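Chemist: Need coordinates for the following:
(one chain, ligands or ions: 1)
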Amino acid sequence: MSRNQHQGLAIVTGGSRGIGAEYAQRLADRGYPLLLVGRDKDQLHQVRERLIRDYHVEVIAECLDLSVAGASHQLFALAQQHKTHIDMLVNNAGFGMYGAFTDMPMSRIREMLQLHINTVVESTRLFLPAMIERRSGAIINVASVAGFLPIPFMAEYAATKAFLISFSEALAEEVREAGITIQTCCPGSTDTNFHNTAGHRPANPLGSQTVQDVVQASLTGLDKHHSRITVGWQGWLSDRFSRFLPRTMMIRMAGNQVKPRTRD
Ligand SMILES: NC(=O)c1ccc[n+]([C@@H]2O[C@H](COP(=O)([O-])OP(=O)(O)OC[C@H]3O[C@@H](n4cnc5c(N)ncnc54)[C@H](OP(=O)(O)O)[C@@H]3O)[C@@H](O)[C@H]2O)c1
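Modeler: Down below sits the predicted model:
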C-alpha cells in the first residue's frame, strides 16, 4: 500500500501506546487520517501531536472506555462524524490478567469479556456492512498466540483470544469475495506495558519482540491479504509441538510457563 493522502479513515483502538501506537504511526506513514481511542487522555494527546508533526495527517484522538457496554456504538458515532468512509478498523485494545481464576475479581473478568469479545464483535457488525457495500476495507483483530491453546493461570485471557481467532478467521472467509480483508494478528510476547498492567511477566527464555516487528508483519501481511499473522517464537513452538505432543501435555507445559512464582 503506497502513501495516499486521499484514503478513508483508519481507526485504531488502544492507539495510546504499545502495539496500537505503532499501528497508528505506520498507518499515518501510509497517509491515513486516523481516529485513535483509548482511556488515557494525555498519552492519546501525545501520540496525536507526534503523528500530526511527523506525518502531516489528520488525527482525531478520543477518550473512550471500550470495556463498557455500548462503547462500540459510541465508536461508530465518532467515526461517522468524519467526512470520509472507513477504510480500516484495528481492534487492538486489550489487557492481560495472570493468576488463579478464582482470585480474579469478577468485575475485571467482565471488563475483559466486554473489551476483547463484545466490543470487537459489535464494532465489526457496525463497520463491516459499509465496507462490503464499497467492496473495499480491512479489519485487523489483534489476538495473541495465547489463543492457540488453553492456558492455565491465564484461562480467561487465552479463551477470549481463542474466540477472536475463530471469529475473525471465519469472517475472513465469509467476506473474502467481497474484497475485504479480515486479519487476525497473533503476536507472541512483545515489549510493551502489557505485562505491567497484567501484574506479572511469565518466564520468557527466548525474549520478546518489538512492536515494530509485530506491526510490520501485520501490515505486510495485510498488503498480501493474509488472514492470519503469527509473530514470534511462541507461536512457532506451539505450532510445531502440537504436531506430536498430546494436548493435555501442551496445556500443562503452558501453565507451567505462565504460573506465577512466589518470587514474582
Ligand atoms: N504485549 C504482548 O506481549 C502481547 C502479546 C500478544 C497480544 N497482545 C495484544 O496486543 C494488544 C495491545 O496490547 P499492548 O501489548 O500494546 O499493551 P499495552 O501497551 O498495555 O496497550 C494496551 C492498549 O489498549 C488500551 N486499552 C486497554 N483497555 C482499554 C479500554 N477499556 N478501553 C479502551 N482502550 C483500552 C490502552 O489504552 P488506555 O490505557 O489509554 O485505555 C492501550 O492503548 C492487546 O489486545 C493484547 O492482548 C499483546
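Chemist: List the contacts of residue 10.
Modeler: Listed by CB atoms under 8 Å, 6 or more residues apart in numbering, the contact partners of residue 10 are 27, 32, 33, 34, 35, 86, 87, 88, 89, 90. In this view, the C-beta of every residue, glycine as well, is placed from N, C-alpha and C.
Chemist: for the ligand, what are the nearby residues on the stretch 1-150 of the chain?
Modeler: Counting by CB under 6 Å from any ligand atom, the residues of the stretch 1-150 of the chain close to the ligand are 13-14, 16-20, 38-40, 43, 65-67, 92-95, 115, 142, 144.
Chemist: 8 Å - rerun?
Modeler: 13-21, 37-40, 43-44, 63-68, 71, 92-96, 111, 115-116, 142-146 (CB under 8 Å from any ligand atom).
Chemist: In strands, which of the contacts of residue 10 fall?
Modeler: Within these, residues falling in strands by DSSP state E are 34, 35, 86, 87, 88, 89, 90.
Chemist: Going by neighbour count, which of those comes out on top?
Modeler: residue 90 (29 neighbours; other CB atoms under 10 Å).
Chemist: you'd agree that one is up against residue 13?
Modeler: Yes. Residue 90 lies in contact with residue 13 (CB atoms under 8 Å); the separation is 6.7 Å.
Chemist: what's the overlap in contacts for the two?
Modeler: residue 20.
Chemist: which residue ranges form the helices in this structure?
Modeler: 18-29, 41-55, 71-80, 106-113, 119-134, 155-175, 194-198, 211-223, 233-241, 247-258 (DSSP state H).
Chemist: among those, which is nearest residue 186?
Modeler: helix 233-241 (5.9 Å; CB to CB).
Chemist: So which elements touch that closest one?
Modeler: helix 247-258 (3 or more CB pairs under 8 Å, 6 or more residues apart in numbering; DSSP states H and E).
Chemist: Check whether the helix it packs on comes near the ligand.
Modeler: No. Helix 247-258 lies out of reach of the ligand by CB under 8 Å from any ligand atom, never closer than 12.1 Å.
Chemist: related to what we said a few turns ago, need the helices of the chain in a markdown table with mean pLDDT and mean neighbour count, can you?
Modeler: Listed next are the helices of the chain as a markdown table, based on pLDDT from 0 to 100; neighbours: other CB atoms under 10 Å:
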| stretch | mean pLDDT | mean neighbour count |
| --- | --- | --- |
| helix 18-29 | 98 | 24 |
| helix 41-55 | 98 | 16 |
| helix 71-80 | 97 | 17 |
| helix 106-113 | 98 | 14 |
| helix 119-134 | 98 | 18 |
| helix 155-175 | 98 | 18 |
| helix 194-198 | 86 | 15 |
| helix 211-223 | 97 | 19 |
| helix 233-241 | 83 | 16 |
| helix 247-258 | 91 | 15 |
